[in-house]
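**Q** Could you work out the structure for the sequence below:
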Amino acid sequence: MATKTIAGAPSPRNSPDEPAQDPADLLETTLTHLESLLWICYGEGIDWHTGDGPRHLDNVLWLAAEMARKAGEVFQGMEKGRREGAEAG
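**A** I've put the predicted structure just below:
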């Protein structure tokens, strides 16, 4: 049976200056995050210490870090727009 590959390293990008991910890698990463979110929502009997538990927990933490990074980028963009609007107006 073939093994599953996960796009890129399981960690968030360090800088917005890094090149954007390939769309196929981005889709694979998103599907990996979604699989882990659904896995943890399944219900009782999840063992976070053995089996697939540690991998899914790592993926969910990776997703949370990506979401926090993206929210920071949105905030910075909003603040930049607000400052530019205040200077122009």
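**Q** now the helices for the chain?
**A** Here the chain has its helices, by DSSP state H, at 23-41, 53-88.
**Q** Of all the ones you listed, which one is nearest residue 47?
**A** Taking CB to CB, helix 53-88 is the member of the helices of the chain nearest to residue 47, at 5.0 Å. (C-beta placed from N, C-alpha, C; glycine too.)
**Q** by contact count, what packs against the closest one?
**A** helix 23-41 (3 or more CB pairs under 8 Å, 6 or more residues apart in numbering; DSSP states H and E).
**Q** count of residues packed around residue 65?
**A** Residues near residue 65, counting by other CB atoms under 10 Å, number 14.
**Q** That one and residue 59, how far apart?
**A** Residue 65 sits 11 Å away from residue 59, taking CB to CB, to the nearest Å as the criterion.
**Q** Ok, residue 49 next?
**A** Applying CB to CB to residue 49 and residue 59 gives a distance of 16 Å.
**Q** and the two? which has more neighbours close in?
**A** The neighbour count for residue 49 versus residue 59, taken as other CB under 10 Å, is higher for residue 59 (22 against 7).
**Q** State the distance from the more buried one to residue 82.
**A** From residue 59 to residue 82 the distance is 35 Å (CB to CB).
**Q** what's the answer for residue 70, then?
**A** 19 Å.
**Q** Looking at those two, which one has more neighbours?
**A** residue 70 (13 against 10).
**Q** so who does the more buried one touch?
**A** Contact analysis of residue 70 by CB atoms under 8 Å, 6 or more residues apart in numbering lists nothing.
**Q** per-residue confidence at it?
**A** pLDDT recorded at residue 70 is 91.
**Q** repeat for the one 10 residues further on
**A** What the model reports for residue 80 is a pLDDT of 88.
**Q** Make residue 1 into 134 and carry on from there
**A** Yep, numbering from 134; the last one is residue 213 now.
**Q** Quick check: the gap between it and residue 220.
**A** From residue 213 to residue 220 the distance is 11 Å (CB to CB).
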